[in-house]
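Visitor: I'll drop the sequence and a predicted model, then ask my questions.
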Amino acid sequence: MITRSFILLVVLVTVTLVNNTVFSGNPVNPDPSCENGHTASVPSLPDLTLEDDFICGDVNKDGLVNVLDIISMVNYIMGGSPSPFNTDAADITADGGINVLDIIALVNIILQVPGIPCPCIGFVSYEGQTYQTVQIGEQCWFKENLNVGTMVISNSGGDLQIDNDILEKFCYNNDPVNCTTFGGLYDWDETMQYVTTEGAQGICPADWHIPTDNEWKTLEGTVDAVYPVGDPEWDIHGWRGFDAGSNLRETGTAHWYPPNNDATNSSGFTGLPGGMRNYDDGGFDYLTIRGHFYSSTQMSEYDARSRYLNSGQAESGRFADIEHGFSVRCIKGCIILPTQANAGPDQSDVPGTSAILAGNAPTSGTGLWAIISGTGGTVVTPSNPTSEFQGLAGNEYELTWTITTICDSSADTVLISFAQVTGQPCPGLPTVLYEGQTYNTVQIGNQCWLRENLNVGTMILMNGGGQLQTDNGTIEKYCQQNDEANCDVYGGLYEWREAMQYVTDESAQGICPDTWHVASDPEYAVLRDFLGGKYAAGGKMKSTGTLQDGTGLWWEPNTGATNESGFTAHPGGWRNHSDNGYFHGLTGTANLWSSTQAGTIGAWRWKLSYQSVNLDRDSYYKEDGFSIRCVKDN
């Protein structure tokens, strides 16, 4: 049973050890209240295990791992409530609890004791087996050779492990017992799982990978007594270093060929002599004499960097192999990081409806565009950093450019907005040929309209009130004053049911061309709001000029007419179904049916007047005759 006295003893010993150990680091400013002004040093530690959002051992969340974290852990174990306190960072032994063993492990971290398990990892369960880990400098390694996959009998030379979605291994002399003791033997392609990317996961567990040549160099420089990390010694091909091989090999002769006297295993790596499988004849060599290990660094199509540990040889070997069956060690982390994504500068008020994106081309990873917000947009080639982007006039879009590797992803966003298009022909569709007549188009905001009132159908004479246009399979129209010339100028006048072709669905095609429809009440509202609202839109929609001065079709004064929208509304008047069916308002008003009903007997009408800049809306009987404007289907 762990007692309070025992915990206090551990703390006392810990503080004594830490204070009597010479650390390189920056001194902490002394407390002015301390009589002698003593200083304490914060040790310079290797990069500790970073698990998502915490540093293992940094229990007080100050970004450092030192004796203050020990004090916080003791406080927590003794029932206190230190704050802040990261319970994940405190479970250094990774056993699911926080106790004195974690304090001891933290002391080992601070004292940089070699050969300890990787902090906050402990061991790894993978494919039904448990692997111990070891922290060596800034690296976290498997402490055992990998033994995963289905055994393949080596009864001939050549490639017997194949890309078949099954992990495969050789066991020395085709004996599974040797795999249990020394781990499996793997061709380089099988080791890498048939990719050539340096640092690939290969046959290692998730978040682990096949070590690169540089990572092997770091390991060797960390454990060697003479040549440190970064020394040119480690770039040599062949046997190099002073005693890295000895410090990486397991001690004793339980597995190594005797006498193995120089082996220290001071690193905790516990290198084993698993031998090799020979590609040429499929035989096996060097069990108990040599350990062969692949890196994930390919030199050419025919060679990849490898490492040798040899019985009785203090140095470590750096050679080139790719076909033989070697042992595999896994290292923690995922180093194939993506290129930092850059989506390019924002693009505002782009003319037209397309823009060229300006993402950066990744040197590591693959890129993909995605639309985060905005409607009606399309990335033509999502994987192309400089793809064309198509959108709608007046719309704004947020796009993200994400570069991804098997390890991570990097993303950046960009805003693209297209200028409002007003008064110009609809992009790619300047005119529409329909029933023998040519209609111009006009883009107003996000809407594409016919620029003229519709003039389609057979004229019938207005010779009385009521409903005269009927569901007879023939499109019928009224012309002002029963004069077809007025239809040529102002367009036809249509009862609502005839305009809708005797359906009641809002936005029905009605008498409009294919892919067009009778504008709905909400669509007129969008037009109104885009043009400044009820008290401004009419002036921007009316054709300019007056009859009196011979410059237009509207009666004087045609107040506020600018036609800046390009809608070009002419004053076609209307036909009243009551009042004996007479025509009214020619040159004075423009009256436009919407496709939206107002109850069962009426529908919504939109009106412009020679006396006003307003765009007004009210409901009228469906038997009345008004003009029709068509709008493009979305």
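Guide: Good, I have the coordinates. Numbering: from 1, shown residues only.

Visitor: can we go C-alpha only for contacts and neighbour counts from here?
Guide: Fine.

Visitor: What sits closest to Asn463 if chain neighbours are left out?
Guide: Taking C-alpha to C-alpha, 6 or more residues apart in numbering as the measure, Asn463 lies nearest to Gly581, with 7.2 Å between them; neighbours along the chain are not counted.

Visitor: Does the one you found touch Leu461 like I think?
Guide: No. Here Gly581 does not reach Leu461: they are 10.4 Å apart, not a contact under C-alpha atoms under 8 Å.

Visitor: So for the two, which residue has more residues nearby?
Guide: The residue with more neighbours, out of Gly581 and Leu461 and counting by other C-alpha atoms under 10 Å, is Gly581; that gives 20 against 16.

Visitor: Distance check, the more buried one against Phe626.
Guide: Applying C-alpha to C-alpha, to the nearest Å, one obtains 13 Å for the distance of Gly581 from Phe626.

Visitor: Please enumerate the shared neighbours of these two.
Guide: Overlap between the contact sets of Gly581 and Phe626, as judged by C-alpha atoms under 8 Å, 6 or more residues apart in numbering, is given by Arg575.

Visitor: Nearest the geometric middle of this structure, what residue?
Guide: Thr402 (4.5 Å; C-alpha atoms, centre = their mean).

Visitor: Buried residues of the helix or strand harbouring Trp593, list them for me.
Guide: Using DSSP states H and E, Trp593 maps to strand 589-598. Within strand 589-598, the residues scored as buried using 16 or more other C-alpha atoms under 10 Å are 589-598.

Visitor: Then stretch 538-547?
Guide: Taking 16+ other C-alpha under 10 Å as the neighbour-count basis, stretch 538-547 is seen to contain the buried residues 538-546.

Visitor: any weak-confidence spans in the stretch 1-150 of the chain?
Guide: Across the stretch 1-150 of the chain, residues meeting the criterion (pLDDT under 70) sit at 1-53.

Visitor: ranges for the strands of it?
Guide: Taking DSSP state E, counting those that start in this stretch as the criterion, the stretch 1-150 of the chain carries its strands at 27-28, 40-41, 50-51, 54-55, 123-126, 129-136, 139-142, 150-151.

Visitor: Can you tell me which of those is nearest to Pro273?
Guide: Within these, the stretch nearest Pro273 is strand 139-142; the backing value is 15.5 Å (C-alpha to C-alpha).

Visitor: Would you mind listing the outside residues contacting the closest one?
Guide: 118, 131-135, 219, 269, 329-332.

Visitor: hmm, 7 Å instead?
Guide: 118, 131-135, 329-332 (C-alpha atoms under 7 Å, 6 or more residues apart in numbering).

Visitor: what do you get for stretch 185-203?
Guide: Residues outside stretch 185-203 that contact it (C-alpha under 7 Å, 6+ apart): 161, 163, 169-171, 208-212, 276-277, 294, 296-297, 322-327, 335-336.

Visitor: Which of the residues you listed are buried? Put it as a ChimeraX command.
Guide: Buried residues within the contacts of stretch 185-203, by 16+ other C-alpha under 10 Å, are selected in ChimeraX with:
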select :161,169,170,171,208,209,210,211,212,276,277,294,296,297,322,323,324,325,326,327,335,336
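
Visitor: From the contacts of stretch 185-203, which land in strands?
Guide: When DSSP state E is applied, the contacts of stretch 185-203 are split such that 169, 208-209, 276-277, 294, 296-297 fall in strands.

Visitor: okay, the contacts of strand 139-142 in JSON lines with neighbour count and distance to Ile55 next?
Guide: Formatted as JSON lines, these follow (neighbours: other C-alpha atoms under 10 Å; distance: C-alpha to C-alpha, whole Å):
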{"residue": "Cys118", "neighbour count": "27", "distance to Ile55": "12"}
{"residue": "Tyr131", "neighbour count": "17", "distance to Ile55": "22"}
{"residue": "Gln132", "neighbour count": "15", "distance to Ile55": "20"}
{"residue": "Thr133", "neighbour count": "25", "distance to Ile55": "17"}
{"residue": "Val134", "neighbour count": "25", "distance to Ile55": "17"}
{"residue": "Gln135", "neighbour count": "27", "distance to Ile55": "14"}
{"residue": "Arg329", "neighbour count": "23", "distance to Ile55": "24"}
{"residue": "Cys330", "neighbour count": "24", "distance to Ile55": "21"}
{"residue": "Ile331", "neighbour count": "24", "distance to Ile55": "18"}
{"residue": "Lys332", "neighbour count": "23", "distance to Ile55": "15"}
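
Visitor: Mind picking the one among those residues that's closest to Phe418?
Guide: Proximity of the contacts of strand 139-142 to Phe418 was ranked by C-alpha to C-alpha; the top entry is Lys332 with 47.1 Å.

Visitor: that older thread, turn the contacts of strand 139-142 into a markdown table, columns for distance to Leu68.
Guide: A markdown table is the format used below for the contacts of strand 139-142 (distance: C-alpha to C-alpha, whole Å):
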| residue | distance to Leu68 |
| --- | --- |
| Cys118 | 21 |
| Tyr131 | 32 |
| Gln132 | 29 |
| Thr133 | 26 |
| Val134 | 25 |
| Gln135 | 22 |
| Arg329 | 35 |
| Cys330 | 33 |
| Ile331 | 30 |
| Lys332 | 27 |
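
Visitor: Out of those, give me the two with the largest separation.
Guide: Taking C-alpha to C-alpha as the measure, the contacts of strand 139-142 span a maximum distance of 14.9 Å, between Cys118 and Arg329.

Visitor: show me where the stretch 351-500 of the chain has helices.
Guide: Along the stretch 351-500 of the chain, the stretches classed as helices by DSSP state H, counting those that start in this stretch are 484-490, 496-499.

Visitor: Would you mark the buried spots in the longest one?
Guide: Just to be clear, that refers to helix 484-490. Per 16+ other C-alpha under 10 Å, helix 484-490 contains these buried residues: 484, 486-487, 489-490.

Visitor: Next: stretch 569-580.
Guide: Applying a neighbour-count criterion of 16+ other C-alpha under 10 Å, the buried positions in stretch 569-580 are 569-577.

Visitor: Correct me if wrong: Val613 contacts Gly538.
Guide: Yes. Contact criterion C-alpha atoms under 7 Å: Val613 and Gly538 qualify, at 4.6 Å.

Visitor: So Ile460 versus Met151, what's the distance?
Guide: 90 Å.

Visitor: Could you list the low-confidence segments of the stretch 301-450 of the chain?
Guide: Within the stretch 301-450 of the chain, the ranges that satisfy pLDDT under 70 run 421.

Visitor: can you give me the strands for it?
Guide: Counting by DSSP E, counting those that start in this stretch, one finds strands in the stretch 301-450 of the chain at the ranges 303-310, 316-321, 331-332, 347-350, 354-356, 366-373, 378-379, 388-390, 396-404, 409-418, 422-424, 431-434, 437-444, 447-450.

Visitor: So which elements touch the first one?
Guide: Taking 3 or more C-alpha pairs under 7 Å, 6 or more residues apart in numbering; DSSP states H and E as the contact definition, the neighbouring helices and strands of strand 303-310 are strand 290-300, strand 316-321.

Visitor: can you check the second one too?
Guide: Using 3+ C-alpha pairs under 7 Å, 6+ apart as the contact definition, the elements that strand 316-321 packs against are strand 238-240, strand 303-310.

Visitor: And those: which comes nearest Asn145?
Guide: Of all these, strand 303-310 sits nearest to Asn145, with 13.1 Å by C-alpha to C-alpha.

Visitor: roughly how far out does that closest one sit from the chain middle?
Guide: In terms of C-alpha atoms, centre = their mean, to the nearest Å, the centre of strand 303-310 is found 38 Å from the chain centre.

Visitor: now stretch 439-454
Guide: Its chain's C-alpha centre lies 39 Å from the corresponding centre of stretch 439-454 when counted by C-alpha atoms, centre = their mean.

Visitor: Quick one: end-to-end distance for that stretch.
Guide: Distances were taken as C-alpha to C-alpha; on that basis the terminal residues of stretch 439-454 are 8 Å apart.

Visitor: Quick check: Asn86 vs Lys61, distance?
Guide: Note on Asn86: its distance to Lys61, by C-alpha to C-alpha, is 7 Å.

Visitor: ugh, typo on my part, it should be Gly602
Guide: 71 Å.
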